[in-house]
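Colleague: when you get a sec, could you give me coordinates for this:
(chains A and B)
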2 protein chains.
Amino acid sequence: MPTISRIEADDRRFELPAGAGSDAVHTDPQYGYAVTRLITEDGGHSGTGIAYTLGGGTNLVRDAVELLAAPLLGREIEELMAEFGGVQRSIAEHHQVRWLGPHKGVIHLALASITNACFDLWAKARDVPLWKLLLDLAPAEIVRLIDFSYLDEVLTADQAAAILRERMPTRPERESILADGYPGYDTSVGWFAYSDDRILENARRAVEAGFTAMKLKVGSPDPAHDIRRARLVREAVGDSVRIMVDANQAWSLPRALEVCAELAEINPYWVEEPTQPDDVLAHREIARAIAPVPVAVGEAVSNRVMWKNFLEAGAAGVVQADCTRLAGISEYLAVAILATKYPVKVIPHVGDMGQIHQHLVFFNHIALGHERLFLEYIPHLRDHFRFPAVVADGAYHLPREPGCSTDLTA
Amino acid sequence: MPTISRIEADDRRFELPAGAGSDAVHTDPQYGYAVTRLITEDGGHSGTGIAYTLGGGTNLVRDAVELLAAPLLGREIEELMAEFGGVQRSIAEHHQVRWLGPHKGVIHLALASITNACFDLWAKARDVPLWKLLLDLAPAEIVRLIDFSYLDEVLTADQAAAILRERMPTRPERESILADGYPGYDTSVGWFAYSDDRILENARRAVEAGFTAMKLKVGSPDPAHDIRRARLVREAVGDSVRIMVDANQAWSLPRALEVCAELAEINPYWVEEPTQPDDVLAHREIARAIAPVPVAVGEAVSNRVMWKNFLEAGAAGVVQADCTRLAGISEYLAVAILATKYPVKVIPHVGDMGQIHQHLVFFNHIALGHERLFLEYIPHLRDHFRFPAVVADGAYHLPREPGCSTDLTA
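Modeller: Numbering: from 1, shown residues only, chains lettered A, B, ... in the order given. Now for the predicted structure:
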């Protein structure tokens, strides 16, 4: 039985091509991962977990992993995962460290990295890809992976198990997606620093490559710049392609209302991160103003409690929950199950470049019945993964390698 | 003119007497400070800033200070503080590091420490205590200390200046507090791990020492334990003393509603941190259920945007904003000014053991017209400060030393 005998933490940062990854707020990012590696006694297995960053300060998350992961030493992976919800909670509620959050920021990102490493090791130990591991678990096993604390009035473990059980009989209707692949959408079309010409060329190429949806970064100090570019892209790709606009928190509430009213003319499929991500009430006001176009948030929504507030308030229509922002796959599952109770779409943000989320969207659709939509696709780090997601004809193809597809090349 | 030529960051942790500082969630805390020291070229001045922790992971905040404080090097302090709102914003919005929050957790605590060091250096350079520095600033100078971004729809810089100006003519009516001192309340009475006997003895002693208000930790897994202890304290001190109960986030929403209904019999002056601090909607529900007893929150409310949500939602009646949790004195001022627009009391939590907040409550009352109430008092670290707050006859006496009273002994 694989027992964790060594834990390593790493700070990996990757330079991006000029302009790639840029948005109105994050002008010159690197992409980074705080990496957790769990190594077993027999040396036969290792689990790799990642939490995403924009480069700066990744060392802080790495050091937090070292601080928080110690309780995993000596644990056998099956026995650990049989009570992982409790393990999650005990780390998240570390009586001295939780002050630094709680449930947010550097320490929560560290818990994401640690948690994702546990799932990777577990899936490898069972010799299955994550999507299959999750689909094969009984509802009672799924809910034991999750810390439901502070969700009581909207979702208990028993209710979550019932949601999973209810959807069991109709699973076969949805399993064709395993063969079809899961559609993607191309975020790398419209980075903020790209020239108009480059964006138009990218947009045409994305359509040729089979994508039916793409994203444009907005949030310029000059709204006319945003509107002009959005019009250009709409004209270039036509009305059948979905265009999402993403302000990356650049706007105040009044500015968001003003610019969104103008952007309506290009019929965006969603408006993403219009303002500061803690601002549930501002998002609610924007959501009401731009309906039926939904507000999308998630890459900076810290935890399941914030999600409960966004969902209860009707402040988000697209749930971009990200297992490298939330406390890993466990808390992602909590949010994905919770979201079944609200009139929302679940379309993860891919801090992991889709490596883990490609598994999770198959589970979302088959086990939870979430609508088959599309998963974000960002190609810039693919050479750094040992098993990069296979995206062809505009779709993620089913990953076959055991684990969470998070092993990095040297 | 004092120019910052060296920046030091430190991780200080202090053991507490057995049981001191304990609550239902944080069972065995240390108290810690991530310390920023700004040292001037001429060696004549140094500014000390602190951000509070419960010990574990203070090194993460220290390292974040080192990462974020670099732009202060070479800056002259008067020139820096003349545009400090912009400086705050540029650090908070660091394009690569803000991902780790934004505006919360380890990086935000680091900004608290950095900011508080700037104010300490500034006040020392002017040879005045912080309260006098702030009271002597013109409204336009105060608002230039503050980053108002994301507050636009509730508070602009111009509106904040107007709030300060409006209260100018009546300041003399409130200045007697400088001679009288500012009342305190004793939190060290009822730590969670203390025995009943110890709490009763502490409560009697606190009354003898002149305190008219005190706090009891609740949030036990067994609510009967909380109720019994609350009754004991009420019987011991009588109806004229105010008793605050503090659950330190221990409860779910349903549990909070249930236990608060029972605690009503001892007529608590407030119920503090009933549940997870991001849960604005749960706090609103609790606030409605226990009215007219107010809900108090603040020690874990990350930033001004969360405060805007708490205030707009009517989810908090007591604003325990803490300048060692928020981004220092600057963001504290934003929240204190914002709070003038809502029917709430402003009673800071004292992660700084009251060292900085003793200055701020004089400013609150005189310049902002906030009701004169009482400031939390926790004595356990007083020997570690060079100029510990002087609390006698149940009141904080006006500090006279230049700066923010945050210099630590070696």
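Colleague: contacting residues for the residue in chain A positioned nearest to chain B?
Modeller: Scanning chain A for proximity to chain B using C-beta to the nearest C-beta identifies A:Gly105 as nearest, at 1.8 Å. Every residue, glycine included, has its C-beta placed from N, CA and C. Going by C-beta atoms under 8 Å, 6 or more residues apart in numbering or on different chains, A:Gly105 touches A:302, B:100-101, B:104-108.
Colleague: again, but for A:Trp122
Modeller: For A:Trp122, the contact set (C-beta under 8 Å, 6+ apart) comprises A:47, A:77-78, A:80-81, A:133.
Colleague: give me every residue that touches A:Ser240.
Modeller: A:Ser240 is in contact with A:Thr212, counting by C-beta under 8 Å, 6+ apart.
Colleague: nearest residue to A:Arg75 other than its sequence neighbours?
Modeller: Computed as C-beta to C-beta, 6 or more residues apart in numbering or on different chains, the closest residue to A:Arg75 that is not its neighbour in sequence is A:Ile4, at 5.4 Å.
Colleague: so the one you found: helix, strand or coil?
Modeller: Counting by DSSP: H, G, I helix; E, B strand; the rest coil, the backbone at A:Ile4 sits in strand.
Colleague: beta-bridge partners for it, please?
Modeller: Bridge pairing for A:Ile4 (DSSP bridges) gives the partners A:Thr40.
Colleague: so it touches A:Arg37, yeah?
Modeller: No. The pair A:Ile4 and A:Arg37 fails to qualify as a contact (C-beta atoms under 8 Å) at a distance of 10.1 Å.
Colleague: pull the number of nearby residues for the nearest residue to A:Asp136 once chain neighbours are set aside.
Modeller: Spatially, and ignoring its direct neighbours in sequence, A:Asp136 is nearest to A:Val128 (7.4 Å; C-beta to C-beta, 6+ apart). Residue neighbour count, defined by other C-beta atoms under 10 Å in any protein chain shown, stands at 18 for A:Val128.
Colleague: circling back: quick one: which of the contacts of A:Trp122 has the most company?
Modeller: By neighbour count, taken as other C-beta under 10 Å, the most surrounded of these turns out to be A:Gly47 (29 neighbours).
Colleague: surely that one meets A:Ala117?
Modeller: Yes. Under the criterion of C-beta under 8 Å, A:Gly47 is in contact with A:Ala117, at a separation of 4.3 Å.
Colleague: overlap of the contact sets of those two?
Modeller: Both A:Gly47 and A:Ala117 are in contact with A:36-38, where contact means C-beta under 8 Å, 6+ apart.
Colleague: can I get the residues you listed in CSV including pLDDT, distance to chain B and neighbour count?
Modeller: Written out in CSV, the entries for the shared contacts of A:Gly47 and A:Ala117 read as follows (pLDDT from 0 to 100; distance: C-beta to the nearest C-beta, whole Å; neighbours: other C-beta atoms under 10 Å in any protein chain shown):
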residue, pLDDT, distance to chain B, neighbour count
A:Thr36, 98, 16, 34
A:Arg37, 98, 20, 21
A:Leu38, 98, 21, 27
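Colleague: columns secondary structure on top of these, output as CSV?
Modeller: Written out in CSV, the entries for the shared contacts of A:Gly47 and A:Ala117 read as follows (three-state DSSP):
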residue, secondary structure
A:Thr36, strand
A:Arg37, strand
A:Leu38, strand
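Colleague: and of those residues, the nearest to B:Leu54?
Modeller: A:Thr36 (23.7 Å; C-beta to C-beta).
Colleague: enumerate every residue touching that closest one.
Modeller: Contact analysis of A:Thr36 by C-beta under 8 Å, 6+ apart lists A:7-9, A:47-50, A:65, A:69, A:113-114, A:116-117.
Colleague: again with A:Arg325
Modeller: In this structure, A:Arg325 makes contact with A:51-52, A:109, A:112, A:298-302, A:349, A:351, judged by C-beta under 8 Å, 6+ apart.
Colleague: with that, I have no additional questions.
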